[in-house]
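Asks: give me a model of this one.
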Amino acid sequence: MKPTLVYVVTAARSIKLLDGQLAFMAQYYDVHLIASSGEQAQDIPADIMFHALDMEREISIWKDMRAFVQMLRLIRRLRPAIINYGTPKASLLAGMASWFWRVPKRIYTLRGLRLETMTGKKRQLLLTIEKLISACSHQVLCISPSLLEKADELRLVKPEKLAIAGAGSSNGMNMTKFDAQQQASTLSPFREGAQVIGFVGRLTKDKGIDDLVQAFQLLTPDFPNAKLLLVGRLDADHGLTEQTITQIQNDPAITLLDYQPNIAPIYHWMDIFVFPTYREGFGNVAMEAAYSELPVITTNVTGAKDTIIPNKTGYLVPPKQPEAIRVAIAKLLCNPDLRREMGSAGRMRIIHDFQQETVWEAILQQYTGIKKEEQTCTKLSNPKQTS
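Replies: Numbers count the residues shown, from 1 in each chain. Predicted structure coming up:
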């Protein structure tokens, strides 16, 4: 009989963060998933048991208390050997509930630190919550090297409890699926000769959109063929300046596309990818852009800086500095050979370090404490296996 492994995420839409991983782990464990109900639950493999437990993303005292009681009952019934929780609300509820029942191995997948861009009492509250979740956990599994460093700097937990699976990322990249998606027929809105600078993600202040738009304004007098492509939705609480919104709406050189269910072929429209974020856990869109052979310009901040090799697969720039972004873009626009070299090097790095199977094996090692090679050697040394 397989031991029970439980994953917990807050919203059903977060199931995409575990694409393929649940089925992989089902080879070794009886896998269960706890999340709020939603359409995405239909995509869960048939051999994974799904448990709907509605959780609010924001603080809601009475709803949170009710969800906590339900979580206590569910974990008591499932009796997992290992529980892995990620995303803030799910981690708080599942961390406390699994600590209460003394689940043998409690893993907190730290996907990012929202508190990095907060100040005052809200920052202190978020820091306290992170420390509470970490205290309930046997291990804090950070999804990037710099996120681990930041967690250690903030003293979220004792250093020996911090870990990272492989080179980072929470789930790696499904390259077979991405390659197939890139074959989709899409018509570029840009004329031949356009130099397209691209961004994919939520259009918010924390993603550095104010800085990117300002950098583009500084760039265009010297590069009249430059175009800016923004792919993503404008959050209700975006925090962007009125000047930025006006520029996006009125500048004919800026193209805004809403969220795209298949983003893969759109990377082919771009010459350069810019990811000017203020904080990340890792930065999956930068990984996708690099795999698409684009040079990546990103900021020297937690999580984002791990997505490139500086000066080899792209450029690191200081956060909140539009002029630095402009300079980096200009260098690449002036040098097509350098763009190709960086793009090729970026793709090779993603293939080497971030294939899904590579990441899953590294996570499995965190669960078992035994490397795959060691498991193979154990089987070969067992007389029953060789007779």
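Asks: identify the residue nearest residue 64 in space, chain neighbours excluded?
Replies: Nearest-residue entry for residue 64: residue 56, 6.6 Å, with adjacent residues in sequence omitted and distances by CB to CB, 6 or more residues apart in numbering. For glycine as for every other residue, the C-beta is placed from the backbone atoms N, C-alpha and C.
Asks: need the phi and psi values for residue 319.
Replies: The phi and psi values for residue 319, taken as degrees, to the nearest 10, are phi -70, psi 150.
Asks: since we're on it, how many residues are nearby?
Replies: With neighbours defined by other CB atoms under 10 Å, the count for residue 319 comes to 18.
Asks: how close does it get to residue 300?
Replies: Residue 319 is 7 Å from residue 300, where distance means CB to CB, to the nearest Å.
Asks: try residue 2
Replies: Per CB to CB, residue 2 is found 44 Å from residue 300.
Asks: do the same with residue 69
Replies: 44 Å.
Asks: likewise residue 284?
Replies: From residue 284 to residue 300 the distance is 19 Å (CB to CB).
Asks: and those two? Which one has more around it.
Replies: residue 284 (20 against 14).
Asks: excluding chain neighbours, give the residue nearest to that one in space.
Replies: Per CB to CB, 6+ apart, closest to residue 284 is residue 169, 7.3 Å.
Asks: that neighbour against residue 282, yeah?
Replies: Yes - in this structure residue 169 lies within contact range of residue 282 using CB atoms under 8 Å: 5.1 Å.
Asks: what touches both of these two?
Replies: 143-144 (CB atoms under 8 Å, 6 or more residues apart in numbering).
Asks: which parts of the stretch 51-200 of the chain are helices?
Replies: Assignment of helices within the stretch 51-200 of the chain using DSSP state H, counting those that start in this stretch yields the ranges 61-78, 88-100, 120-136, 145-153, 175-182.
Asks: among the ones you listed, which comes closest to residue 207?
Replies: helix 145-153 (17.0 Å; CB to CB).
Asks: now do that closest one against helix 120-136, angle only.
Replies: 100 degrees (axes from the mean of the first three to the mean of the last three CA atoms, to 10 degrees).
Asks: what about residue 43, neighbour count?
Replies: 10.
Asks: for it, give its distance to residue 22.
Replies: Relative to residue 22, residue 43 is positioned 10 Å away (CB to CB).
Asks: for residue 108, same thing?
Replies: 18 Å.
Asks: the two: who's more crowded?
Replies: Comparing residue 108 with residue 22 by neighbour count (other CB under 10 Å), the higher total belongs to residue 108, at 28 against 20.
Asks: residues in contact with the residue nearest to the more buried one when sequence neighbours are not counted?
Replies: In this structure, residue 108 finds its nearest non-sequential neighbour in residue 137, 4.1 Å apart by CB to CB, 6+ apart. Residues in contact with residue 137 (CB under 8 Å, 6+ apart) are 95, 99, 106-108, 157, 161.
Asks: 7 Å instead?
Replies: Residue 137 makes contacts with 95, 106-108, as judged by CB atoms under 7 Å, 6 or more residues apart in numbering.
Asks: pLDDT wise, what is the residue nearest to residue 284 at?
Replies: Residue 169 carries a pLDDT value of 94.
Asks: looking at stretch 263-281 now, give me its mean pLDDT.
Replies: Across stretch 263-281, the average pLDDT comes to 97.
Asks: for that stretch, buried residues please.
Replies: For stretch 263-281, the neighbour count (16 or more other CB atoms under 10 Å) marks 263-267, 269-281 as buried.
Asks: low pLDDT regions in the protein?
Replies: Where the chain drops to pLDDT under 70, the residues are 370-387.
Asks: quickly list the domain ranges of it.
Replies: According to automatic domain parsing, the chain comprises the domains 4-172+355-373, 175-353.
Asks: could I get the full set of strands for this protein?
Replies: Assigned by DSSP state E, the strands in the chain fall at 4-8, 30-35, 49-52, 82-86, 105-110, 139-142, 162-164, 195-200, 226-231, 254-257, 272-275, 296-299, 314-317.
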